[in-house]
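sequence-free structure coming up:
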């Protein structure tokens, strides 16, 4: 395999690969054994925290039920069980696209001038640049570790703390262990990579925590209100697809504020004004920046209008007619890896929800309980809508449902336990059976995940890279160009940027919007041509072939079928060679300079 630049695949990936190769199938066995022990520990802790058995002497194992040990399991369990996945080169087309855009922004930080994230918001891409602050390269392994350490684990801990605040410590563990396990054990590659859903996961956890904190307190807390509004205002710039979720949370918060009888009308008005002002602040700042750098048109055309059309049509011609049925999309996109998580927590919500509705007149509602129940229902509906609206069966969309489902299951369970159990006979037995059912589904689903294996081990031990990864075009590029110089790609192979270390010579890392018929196709082609003229990338790659993603037919999508692009390439670039479906074109002056050497 051809040597790549120093930043790829990276020290973390190489170290993990060395450990796997050294321990071989014995290491794979140890991973599975550790995963089963982890699963057993979480189930035991969950069950005996709720239903302590007097016949069991817990003094010897008291540390197992401490909060410190539970946090230890969350942090180190997730990191160690997911670490082998760092060796895989790329897991989804979105992964190299996001990293390529981050690499480009590190050289030119002006979004929508240097890059267009298409459906990914700018904050999701800027966030991964934190790796640069620690002197780390932007590669797959480091990005996945960033996603775990900075997004998933903090978000998980925050939602756990939220459920403790809203419910109680022991019952909070029930839905949370399902979330811990799906994060630690999932073997779905499109869920493992760092994507824009990761930052939504963290932000959604934080907003729900602030909502709960404000709901249970009668103090003014103007700072917390400001932070809540500010975080909700960031949603459109993290992932525009999640705006319905932010809008739902905002409506519930305003409704809760209006209903607070202990607060004067004047104070309510101040609080709501504070909330609305802070929620609009990110958009106001963004528009001022776009106005200063003359990017208003790009913002609305490339982000707002494009996302609106994408939400209506999805990825055209890729999924077929079967994707038009909402519930089918929702269930299908959870896949084999996520369906156990969905079923286990849905059982809690459906069964307790049915009991609560059936006996609602007998329950003495606490105002906080009603607020949290309302938020749960709104979150479930809004996240479901956000997921199914684009009509795409992308498995990573399921991450948008993790927090709403976990929070809602905890709230429904708590309301049932604190209200229904006090007035209905045999309710404790029902609660115990419900917990048995949840833990049984959790045990079976996650045992299946463990037996199914780990993608990192399989990738390394089965030598998948020998056929998976071909980069014979790289020696040609390295002869004429070096990392951090600009390259343009015609097709959909964004991973070429990561492998070569080169940055984008056009603001789009792929050409979906340039070649798929739409009202804006000509606009995207014009932008691509303008970027080629302005940036003058050293390398132009024609990657359209049968091995490419989505755009595979040269007779339809070849750059020579688009006169403006063909004119620029024919006039300014020299064809050098083709290998593995990648045609390499080098800018004329660089070819001449290299020949003189």
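Looks like it arrived, so ask away. Please read all numbers here as calculations on a predicted model, not as lab measurements.

where does the stretch 151-300 of the chain dip in pLDDT?
Scanning the stretch 151-300 of the chain for pLDDT under 70 picks out the ranges 218-220.

so which elements touch whichever strand or helix holds residue 385?
Assigned by DSSP states H and E, residue 385 falls within helix 367-388. Using 3 or more CB pairs under 8 Å, 6 or more residues apart in numbering; DSSP states H and E, the elements in contact with helix 367-388 are helix 196-215, helix 243-259, helix 326-332, helix 399-415. In this view, the C-beta of every residue, glycine as well, is placed from N, C-alpha and C.

count of residues packed around residue 202?
Per other CB atoms under 10 Å, the neighbour tally for residue 202 reads 23.

distance check, the nearest residue to it once chain neighbours are set aside against residue 371.
Nearest residue to residue 202, sequence neighbours excluded (CB to CB, 6 or more residues apart in numbering): residue 155, at 4.1 Å. For residue 155, the distance to residue 371 equals 22 Å [CB to CB, to the nearest Å].

picking up where we left off before, out of the helices and strands packed on helix 367-388, nearest to residue 184?
helix 399-415 (12.7 Å; CB to CB).

what mean pLDDT does the closest one get?
Average pLDDT, helix 399-415: 93.

any idea how far it is from the chain center?
With CA atoms, centre = their mean, to the nearest Å as the basis, helix 399-415 stands 18 Å off its chain's centre.

tell me the helix or strand right after the helix or strand that contains the residue nearest to residue 202.
Applying DSSP H and E as the criterion places residue 155 in helix 153-166. For helix 153-166, the following helix or strand on the C-terminal side (DSSP H and E) is helix 169-185.

tell me the buried residues in that next one?
By neighbour count on 16 or more other CB atoms under 10 Å, the buried set for helix 169-185 is 170-185.

can you name the next helix or strand after that helix?
Counting by DSSP H and E, the element after helix 169-185 in chain order, helix or strand, is helix 189-192.

run through who's touching that following helix.
82, 85, 88, 91-92, 94, 144, 186, 337-338, 394-396, 398-399, 455 (CB atoms under 8 Å, 6 or more residues apart in numbering).

and which of these is nearest to residue 230?
Of the contacts of helix 189-192, the one sitting nearest to residue 230 (CB to CB) turns out to be residue 399, at 22.4 Å.

confirm for me that the closest one is in contact with residue 200.
Yes - contact status for residue 399 versus residue 200: in contact at 7.4 Å, counting by CB atoms under 8 Å.

neighbour count: the two, which is higher?
residue 200 (29 against 25).

hmm, back to that, how far off centre is the helix holding residue 385?
20 Å.

just the angle between that helix and helix 196-215, please?
Counting by axes from the mean of the first three to the mean of the last three CA atoms, to 10 degrees, helix 367-388 lies at 160 degrees to helix 196-215.

what is the mean pLDDT for helix 367-388?
90.

contact partners of it?
Contacts of helix 367-388 (CB under 8 Å, 6+ apart): 166, 208, 211-212, 215-216, 241-245, 247-249, 251-252, 255-256, 259, 326, 329-330, 333, 349, 397-398, 400-401, 403-405, 407-408, 411-412, 414-415, 418-419.

I'm done for today, thanks for sticking with me.
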